[in-house]
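In: Take this sequence and fold it.
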Amino acid sequence: MNHYCPYCNSEQEYYIEKRIFKHYKGVDVNIEENVPICKKCKNELIINNIEDENLKRIYNKYREIKNIITPSEIKDLREKYNISQRELTAILDFGKMTINRYENGALPSKSQSDYLRLISKDNNEFFNKVKEAYSTNRISEKTFIKIKNIINNQSIHDNNYELKLYIENELKTSPNIFNGFTVFNLDKLQNLISYIASKTKLYLTSLNKYLWFIDMISYNKRAVSITGLIYVHEKYGPVIINRKYEEISKLDNKYKRDDKEKKDGSIQSIITSNGNYELSSFNDKEIEIIDYVINLFSNKSVEEISNLSHQELAWKNTKRFQKISFEYADNLNILNLK
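Out: Prediction:
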């Protein structure tokens, strides 16, 4: 194999030396890269196609570690809504060649990656962006109507569509102290429930406690909750307001609810994951909090988890059916457990 060597100022034979590329943007990637070396002078050469392959492997490893959206996922997003690179760029108000570069391997920022993933799953979020783009003349009426019709057709074929709309209308409120200053996002909640159910045996009676503790710890650590849910004081612990956990548990695109009759005639409900949760819905700190609660409760019974909620000031200082303020997150006994 020959290539021009600037040190020898002539075409020279070269060989490939294997090296480990350790760090990229502060992340340990530890990727093997191919380094061309001139046989005559032993200096490194820059050969474009080899550099491109090295960079591709580094990017792919970085994407895997940081959960960055892939070029194929961005293409799938465009195919889902039948839009061109130019149309998607206009809708998102990105730079002219941004989507083209991402689809050809360039790395988006984590925030852009997370948003692209969000709109690929959440039709409502994407259509809000489409309406904004249309109102500011970034896209044509033809593009707007095309996307609107596609989303409407997708909604008709979603068995959960009407139930989702009902739940969102009931639970979505502006940021306040009772929802942890977070706007409720049903897709994010479903991903959370599916993830929890994939890691532990999740009973419906414990679901509220898992979610409440995750949100309270999140507020303690970050001053915002994760789900945007509002909780009230109930006999066996905090529950989602108006018992909406019943409707939420009946959605079946991310998890399944299985009701079984026990010997005493009571019904025991278990939620199992479909395995298709999207961790890209959560940032690293949120996942850390979620895993903390899952690990803490994994070997505890339904009764033990309920009792833990009763030890919190949020429970002791409120009455039945009263909304629970996230102000109580400042003092959490759960954080002292090992």
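In: Skip ahead from the helix or strand of the chain with the lowest mean pLDDT and say which helix or strand is next.
Out: Across the helices and strands of the chain, mean pLDDT, DSSP states H and E gives its lowest value to helix 161-171, namely a mean of 82. Per DSSP states H and E, the first helix or strand lying C-terminal to helix 161-171 is helix 186-199.
In: And that following helix, what does it pack against?
Out: With contacts defined as 3 or more CB pairs under 8 Å, 6 or more residues apart in numbering; DSSP states H and E, helix 186-199 has these neighbours: helix 161-171, helix 204-222, helix 245-250, strand 255-261, strand 267-273, helix 284-297. (C-beta placed from N, C-alpha, C; glycine too.)
In: do you know which of these lies nearest Lys42?
Out: Nearest to Lys42, of all these, is helix 284-297, at 42.4 Å by CB to CB.
In: Show me what that closest one is in contact with.
Out: 192, 195-196, 199-200, 206, 209-210, 213-214, 217-218, 221-222, 226, 279, 282, 305, 334, 337 (CB atoms under 8 Å, 6 or more residues apart in numbering).
In: I'd like the distance from it to the chain centre, please.
Out: 14 Å (CA atoms, centre = their mean, to the nearest Å).
In: Going forward, the N-terminal residue is numbered 37.
Out: Renumbered: residue one is now 37, and that last one reads helix 320-333.
In: and after that helix, which helix or strand comes next?
Out: Following helix 320-333 in sequence order, the next helix or strand is helix 338-346 (DSSP H and E).
In: same question for that next one, mean pLDDT?
Out: Summarised as a single mean, pLDDT over helix 338-346 is 94.
In: Over to stretch 351-358?
Out: Per-region confidence: stretch 351-358 scores 94 on mean pLDDT.
In: circling back to that earlier point, between the helices and strands packed on helix 222-235, which gets nearest to Ile104?
Out: Taking the helices and strands packed on helix 222-235 one by one with CB to CB, helix 320-333 is closest: 12.6 Å.
In: Would you mind putting the CA coordinates of that closest one into CSV?
Out: Extracted in CSV, the C-alpha atoms of helix 320-333 (Å, rounded to 0.1, in the frame of the first residue of the first chain):
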residue,chain,number,x,y,z
ASP,A,320,-28.2,10.5,33.3
LYS,A,321,-29.3,12.0,36.7
GLU,A,322,-32.9,10.9,36.3
ILE,A,323,-31.8,7.3,35.5
GLU,A,324,-29.5,7.4,38.6
ILE,A,325,-32.5,8.3,40.8
ILE,A,326,-34.8,5.8,39.1
ASP,A,327,-32.3,3.0,39.6
TYR,A,328,-31.7,4.0,43.2
VAL,A,329,-35.4,3.5,44.0
ILE,A,330,-35.7,0.3,42.1
ASN,A,331,-32.7,-1.2,43.9
LEU,A,332,-34.0,0.0,47.2
PHE,A,333,-37.4,-1.6,46.8
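In: what angle separates it from helix 240-258?
Out: Orientation check (axes from the mean of the first three to the mean of the last three CA atoms, to 10 degrees): helix 320-333 against helix 240-258 gives 140 degrees.
In: pretty sure Lys102 contacts Ser147?
Out: No. Using CB atoms under 8 Å, Lys102 is not in contact with Ser147, being 11.6 Å away.
In: quick one: which of those two has more around it?
Out: The neighbour comparison of Lys102 against Ser147 (other CB atoms under 10 Å) goes to Lys102, with 14 against 9.
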